[in-house]
Structures are given as structure tokens and as C-alpha cells.
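> Everything below, folded, please.
(chains A and B)
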Amino acid sequence: MAEIPAATGERRTGRLLASLIVVMIVFGGVGMTLLARRYWWLLPVASAHGVDVDRLIYTTFVVTGIVFVLVHILIAAFVWRFGARGTERAAYWHDDRTLELTYTLVPAAVLVTLISMGAVVWARVHGPAPADSMVVEVRGEQFGWLFRYPGPDGIFGRVDPARISPKDNPMGLDPADPASADDLVTRELHLAVNRPVRVRIRSKDVLHSFFIPAFRVKQDAVPGMTVEIWFTPTREGTYEIACAELCGIGHYIMRGKVMVESADAVQTWLAQQSH
Amino acid sequence: MAVMHEAAHEEHKLGFLQRYVFSQDHKIIGIQYMMTSLFMAAVGGVLAMLIRMELGWPGARWGLAKWLFPGGFTGDGTLKPDFYLAVVTMHGSIMIFFVLTTALSGGFGNFLIPLTIGARDMAFPFMNMLSYWLYPPAIVVLLASFFVAGGAPNAGWTAYPPLSALYNPATGTGLAAPGSGLGQSLWLVSLAILIVSFLFGSLNYITTVLQLRTRGMSMGRMPLVTWAQFTTAILMLLSFPVLFAAVVMLLFDRHLGTSFFVPSGLVVGGQLVTHQGGNPLLWQHLFWFLGHPEVYVLILPPMGIVSEILAVHGRKPIFGYKAMVASICAIAFLSFLVWGHHMFTSGMNPLVGTAFMVTTLAIAIPSAVKTFNWVATLWRARIHFTPAMLFAIGFVSLFVTGGLTGIFLGSPAVDVYFQDTFFVVAHFHFVMASAALFGLFGGLYHWFPKMFGRMMDERLGKLHFWLTFVGIYATFFPMHFLGMAGEPRRYYSPQMYDFLRGLSGLNMFVSLAAFGLGLAQLIFAYNFIRSLFRGPKAEGNPWHANTLEWQADSPPPHGNWGATLPTVHRWPYDYSVPGATEDYIPQTVPVTAAVVAGGAPDEPPTTDLNSA
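Next up is the predicted model:
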């Protein structure tokens, strides 16, 4: 007996698997994506660079989606077609340089394109901030966010962790530094619409991550470091800030709010805070 | 040779303890690794169910669970937040280090390497025994962390300091999280023990493959499963010492007052921390320098397993053998250069991010080559849909799905949005966890007859496949959309946020699918245990396979080969050679003995070492 005789059910099993792949993975995957676009999707974008990021996400989505569908259809077709039957033999076919070169070079070309697009957006996101940016400091702590505006002098005063007191001096401002006198420390973040903002991100205790889903902004707050990012909010409204780096048992309640409003409204609010 | 022969006779003198417990036989050690890993998989699986209970119904009361896990639930039966984080941490640590690494590398590596290269045992059998026997103590130390003050660690399997580093020796509790007390120290010690075990194992594998290949078994004739194990061992040997160093440094920070990872000026719980001069990013670099090769430690062995299964059960040579070997090596090399893609949002210089994006997307190319080679292997095959084959095909599907989502995460500007959301959870559960699991199941269905001399039940195996395949997609595919909507991972409850409100239905669906997936594994457990005792006796080569392990008895005796070692004459994939009488030609059959009609130009790369 040269071959293991094909079990009678082989073809049926192959067709079941092929159908499952097409129905569950191809139709299910594509269908669920369409459904998700209505119910479980990115928040409407509310920052300038977020538009570029979204375009990159969609491009990647389309490219990977096509590959996902094609490869699965190919697998399903082969599984459907090549189930063992009778004493038929498989093909003794194990090398084809043209084919192999094709499916090395084509993915490589696609990936180089995606890398180039990604590099451009990444460079823009982390490029130098415009000169007219406002500046604000964000400090993460277990389990909340604290913000600081530099005041009229435009300079952040010195902070000293030893001076931190939750009620009187949550930021640990050092009164010996004259620059700290006009610093405004707040529990809410107010930003002016369409004005770039530089955000200095720090942490009081452990790692946190400053995540504003609507802005496509996420940056870890690293103890001992000040990391600066910048972005431009483009739509007025109230947005949620989440913590995206595990920071302890209250990680899930570390919620903050950012209000994007007109430049005048921000000035008014700041003036109220300084009383 | 003579020494080996004596060793084979010595088997009769060994008592039960030396034969089955403190055994130096690679097959017994492989099976020990496998059994222990399957036990740990059950533990890790139960933890996963607890995670899904909480995420499906945040804050719900579970009367029965309260009774099962007395410390983890409040009096009214809700899961405590710190216990939730402990469960998340332990699920990840157990599944990655104590299940997938140990089963795929420790289990299959030990069992298959000597058998597939025609050796009688590993190069260092005693060290091999030590390697296994460091594993149970590591488990005991790890699980003990559940029972100390503060409970099991809360800082995630990545154990990022300062959360994991701050410890109050006076009270024995963590400063920044309850689980950062003694539990975190036990976790670190457990990992250190396990790393030593891995290093013993990988040294052994590398030496064995380089030194103990039988006559004619050139590197170019090694089966892909052995190539994968060999490359994995090199990855482990080069990457795990870095984690070992990091673990020791973190223990020093915790207990001896050093400050590798903790900077000055931290205020935790109203207290100024005395550490100064460290940097939390140092840990992340050291951790991911291991962490990324580690995911290839988990996926290369399944890639090898799947390559074998597709060829054997498809009755067709694996497509592009040389490209398969080259891509294994390329993936292994590049895996050391991509760790920074875990750190795009960490505060690392953005320019470095660009470099890591290039290496990360470069590693997708050899992965794509492997995928297309597997698919090409199915073309004009003669597929036997055994449970092993079904899981191998399932592996290819999962690897494609998970690999494609990796393209999102490799691009830093996109990753900034998805980092630490459920999109990442979905991604790695497909490409690493589920795919590796499918490789593990496929391998078990395939090599079970060789390991235990009995066959597993095919119908139950198929049922297990259908339910697992559907269950995996139902559980992990929707998680992409939780991530699209921005749900961060490691949240005890997503209900605090307005933007996550609409996700509760989807989360419930995921949880129900996960429970179904969990239950389906009971079919495997039943089939596995029952077949151990009641399965029909297996012949030596039930799948009509070519590789050497199938030319030995099932199960192979001590010393594997009887009086003389096998001699290898050809590559391992001579399936369906035109004109040959059988549709398979074992590696031990001389080239002249097989009738090859018109197959000569196709003769694979086999310079015959015997004639040299």
C-alpha cells in the first residue's frame, strides 16, 4: 500500500474548514469591521496631527485588510480543493525562484511605502513646535492629573518634591524661586482652539501615560524625566484624559478632563484661577 | 559509540526514581516539561477566566468565586482591584514563561532534537535533568506570591519600575501597589530560577545540534522543526541573561538600597522616596531586549512544528526549504533589533523610534515569506485533515491575522494611538499566544503517538479544533475594536470613562466567547488523559513521515536507536516523489534505492556526506 488511503470524510472536512474560513473570517471580519465603524470606532478626531494619524491608520487598514482577505481566500481555496481523495498523489513541487522572489519583493515594496509614509507623519508629530505655542505642564500622580500654567512671566518656577503637600502645595512649588509666584496649578486643563500647545509631561511617583483619545495623543509620564510633546486642538469641546500605563490599583479611575475653547475663554478662566 | 551502547544497557539497572523522576533521558525530560506546562496552562487559563469575568461584568458579585479565591474577593463577592491586577500579572507571566516557553522549547525541544538528528540523547544529560528540576521550584516560588502579604505582584508581566520597585522592608508591603511587596520579590526570584533553567536547556540544545548529528545529517538536511529549535536556543542563550541581570538589579533596588531604576524626588503615599539617580527607562530597555526575542522564542518552534505537519499531513514537500531556513535565521537576527517598538511612547528619543520602525517592518518580510511558503505547500497537496493538520492550518490563519495587525503597531505614529489599548492585546494574543498555542496543540496531536506509543482520538481532536478555532476568533478579533475605540488594557473597569461606555456589550460578548474557549479545552484534557491509558497502540510511523524520529519505535527506547545509529541519505521532505513506490521516502533510505522517475532535476540540496 503506497499511500495512506484517504478517509472518506477528508473532502468533507476540507470543505467545512474552507467554508468556516470564508464565512467566519472573511465575511465575519469584514462585516464586523463595518459594524464597528458605527459602534466601536475611533472618536472623531479633534487635533491637527490626528488627521494625518487617522489617514495613516486607514491606509494601513486598507492594505492589511486586502492581504487579510486574499490570503484567507487562498487558504480556503486550497483547503477546499486539495483534500485527499482516492490514491491521487500530491505534486512533488517544492521550489520556484520566481514565485518566491515575487512574494519577497512585493511585501517588501509595500512595507517600504508604509515605512516612508509613517516616517513622514512621525517626523511631523515630533517636529519642532511652532513659536506661538502656549505651554502647559502636566503631572501624573496616583491617581489623577495636575496641570500648571507658567503665568504672565512665561516661566515655570522651580519645584521641590520635598515641599509637596496634597492640600496647600500639590505641585511642590518652591516659593524661593520668584518665577513660581505667578504659576497657576489647576485640576483641569483648558486649551485654546487652533492654538498649538507644548505639553511638558512629568510624574510624581510611578509611570503614567497621558492619553487623550480624541487628539490621538499618548505620552508616558516618566518619573525623573520631563518629556515634551506638542499638538494643536482643532475642535471646541470637552475631552477625556485617560491613563494608559499601569500605575497601581486606581489606574482605571485616573481620569482627567481637557476643555478646548476660544482663546478669550481660556484667558478668562485663567484669570479666575489666579484669585 | 561503545560508551553509548553501554548507556543503552544501563537502562535496566535504573530504578523507578532515576527512570521517571530524576531522569536524564531527553524523552522523559521533554514529557516532564510538557506535563508541567499543561498543568500551568490550566492555572493560567483559570486566571484568564477571572479577567474576563471582571471585564465582562465590572463590579459584579460572584458568590462561588468568592469561595474559591477567598483573598481575592470582597465579602459581597466582588473582585478586588489589586487582586485583578495580580491576576492579570500572573496570567501573562505564567502563559509566556511557564507555559509557552517551557512547553514549546522545553517540551518539544527536549523530545525532538536528539530524535530528529539521530542522537541517543542530549550532549549533557545531567545538565538537562537540572534544567527541568529548576522549573518546579520556580513554579512553587511564583505561586507562593499569592499567599504572602500584599498578594501576587500588581505591576504586569513587564514589571515596570518604579511601581514594581518601591518596597517597604519594615512592613514587607509595596509602597505604590499592594502587590509590590514580598509577592513581587518572589516573582523576580522565580523568574531568575527559571532563566537559569532555560540557559541550561539552550546551551544543551545548541551543543547537541552542533555535535551529535548522525552520519549524513548535515545542517542542510535537518528538518525545519529542528532548525527552529536550534535557532530558538540561540535566541534564549543571548537574550535571557539580559533579563537575568535586570531581575537581579531590580531585586537590589528593592532590598539593598541601590537605585538602578528609581530616580530621585519621588513622592509616593505622601512620603519622599530615598532612592536617587536611577532611570525607569533602563528597565524597559533591558526588559524588552529580552522581551522581543522572547516572542520569537514562542513563535519559532511553532513555525517549525507547523512546517513539519503541513508537509507530512499534506503528503508534499515543504515549499522553499532553503527560504524557510533563511527566514528563520533572518527573523532570529532581526528580533534583537526591534525591542524599541514597545517603547514608542516611553519618552525615548523619537529618532530612535524611526530606526525601530524600520527594523520592525523589516522583520515582517521574512515572516511574509514563511506564510506564503506554507500556503504554497498546500497547493496541489493531498491533505489529510487530521487534528494536527487542522491546527497547523489554523496556525497559519492566526499568524496572518496577528502579523497584519503588527504592521499598525510597528509604525510609531499609529502605535501612539494603539499603545497599551486592547488593540495590542488582540495583536499579541493572535500572533504570539494563540498561534503558539495552535503550534503546541498541532505538535501534541502529531507527536503524541511517538511520545506515548498510543494514538489520540481523532474525532475528539477535530471537535476540539472546531471549537477552539471559532472560540479564538470570537474572543480576540473583537478586541481589535475595543482598541480602536481606545479602551486601555489593565483597567479593572472601563466604566469610569464616557468614551468607553458603548463598549460594555462587546466586552460581554468577548467574555462569553472566552468562557466557551476555556470550556472547549476540557475536551482536549479528556482526550489527552484518556489516550494516555486507553488510546489504541501506535505503530512506529503512523503518519508515514520521513524524519528520523518516526523511524524509531513508538515510544523510542532508552538510547533511541538500538545497536546502531541511523544513517541519513536525503532531506526530510521526499513526499510524493514521482515514480517512487511509496508516497514517502524516509531520510534513512539511500538515494539509489528509491526509484526516481524524472524527479532528478528536483533533487533537493543534498551533498552526501557519506561519500565525502
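
> okay, CA-based contacts and neighbour counts for the rest of this
Will do.

> Show me the shaky parts of the chain.
I went with chain A, as the question did not name one. Along chain A, segments meeting pLDDT under 70 span A:1-8, A:275.

> Let me rephrase: I mean chain B.
In chain B (pLDDT under 70), the answer is B:1-13, B:593-612.

> If we use 80, what do you get?
B:1-14, B:169, B:171-172, B:592-612 (pLDDT under 80).

> Please enumerate the helices of the stretch 401-550 of chain B.
B:412-418, B:422-428, B:435-452, B:458-484, B:504-534 (DSSP state H, counting those that start in this stretch).

> Buried ones in the last one, by neighbour count?
Translated: helix B:504-534. Buried residues in helix B:504-534, defined by neighbour count with 16 or more other CA atoms under 10 Å in any protein chain shown: B:504, B:506-508, B:510-518, B:520-521, B:523-524, B:527-528, B:531-532.

> give me every residue that touches the residue lying closest to B:Phe198 once chain neighbours are set aside.
Using CA to CA, 6 or more residues apart in numbering or on different chains and skipping residues adjacent in sequence, the residue nearest B:Phe198 is B:Ser131, 6.8 Å away. Taking CA atoms under 8 Å, 6 or more residues apart in numbering or on different chains, we find B:Ser131 in contact with B:Val196, B:Ser197, B:Phe198, B:Leu199, B:Phe200, B:Gly201.

> swap in B:Pro317?
So B:Pro317 contacts A:Tyr92, A:Trp93, A:His94, B:Ala311, B:Thr377, B:Tyr573, B:Asp574, B:Tyr575, B:Ser576 (CA under 8 Å, 6+ apart).

> Where helices are concerned, which of these count?
B:Ala311, B:Thr377 (DSSP state H).

> about what we covered before: could you dump the contacts of B:Ser131 into TSV and include neighbour count and secondary structure?
Output for these, formatted as TSV (neighbours: other CA atoms under 10 Å in any protein chain shown; DSSP: H, G, I helix; E, B strand; the rest coil):
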residue	neighbour count	secondary structure
B:Val196	18	helix
B:Ser197	23	helix
B:Phe198	27	helix
B:Leu199	20	helix
B:Phe200	20	helix
B:Gly201	26	helix
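
> nearest to B:Ser23, of the residues you listed?
Ranking the contacts of B:Ser131 by separation from B:Ser23, with CA to CA as the measure, puts B:Gly201 on top at 14.7 Å.

> Where is the longest helix in chain A?
Max-length helix for chain A by DSSP H is helix A:48-81.

> What helices and strands are in contact with that one?
Using 3 or more CA pairs under 8 Å, 6 or more residues apart in numbering or on different chains; DSSP states H and E, the elements in contact with helix A:48-81 are helix A:10-20, helix A:97-125, helix B:350-378, helix B:387-410, helix B:412-418.

> quick one, which of those helices is packed in tightest?
Greatest average neighbour count among those goes to helix B:412-418 (a mean of 27), per mean count of other CA atoms under 10 Å in any protein chain shown.

> who's in contact with that one?
With CA under 8 Å, 6+ apart, helix B:412-418 has contacts from A:53-54, A:56-57, A:118, A:121-122, A:125, A:213, A:216-219, B:341, B:344-345, B:353-354, B:357, B:408-409, B:424, B:483-484, B:486.

> With stretch A:254-269 instead?
A:142-145, A:188-193, A:233, A:235-243, B:496-497.

> Show me the residues you listed that map onto strands.
A:144-145, A:189-192, A:237-243 (DSSP state E).

> a markdown table please, covering the residues you listed and showing distance to B:Val306 and neighbour count.
Output for the ones in strands among the contacts of stretch A:254-269, formatted as a markdown table (distance: CA to CA, whole Å; neighbours: other CA atoms under 10 Å in any protein chain shown):
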| residue | distance to B:Val306 | neighbour count |
| --- | --- | --- |
| A:Gly144 | 48 | 18 |
| A:Trp145 | 49 | 24 |
| A:Leu189 | 53 | 23 |
| A:His190 | 55 | 23 |
| A:Leu191 | 54 | 25 |
| A:Ala192 | 56 | 22 |
| A:Gly237 | 52 | 13 |
| A:Thr238 | 51 | 14 |
| A:Tyr239 | 47 | 19 |
| A:Glu240 | 45 | 17 |
| A:Ile241 | 44 | 24 |
| A:Ala242 | 41 | 28 |
| A:Cys243 | 40 | 30 |
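
> need those in a markdown table with distance to chain B, can you?
Output for the ones in strands among the contacts of stretch A:254-269, formatted as a markdown table (distance: CA to the nearest CA, whole Å):
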| residue | distance to chain B |
| --- | --- |
| A:Gly144 | 13 |
| A:Trp145 | 15 |
| A:Leu189 | 17 |
| A:His190 | 19 |
| A:Leu191 | 20 |
| A:Ala192 | 22 |
| A:Gly237 | 14 |
| A:Thr238 | 11 |
| A:Tyr239 | 9 |
| A:Glu240 | 8 |
| A:Ile241 | 9 |
| A:Ala242 | 8 |
| A:Cys243 | 8 |
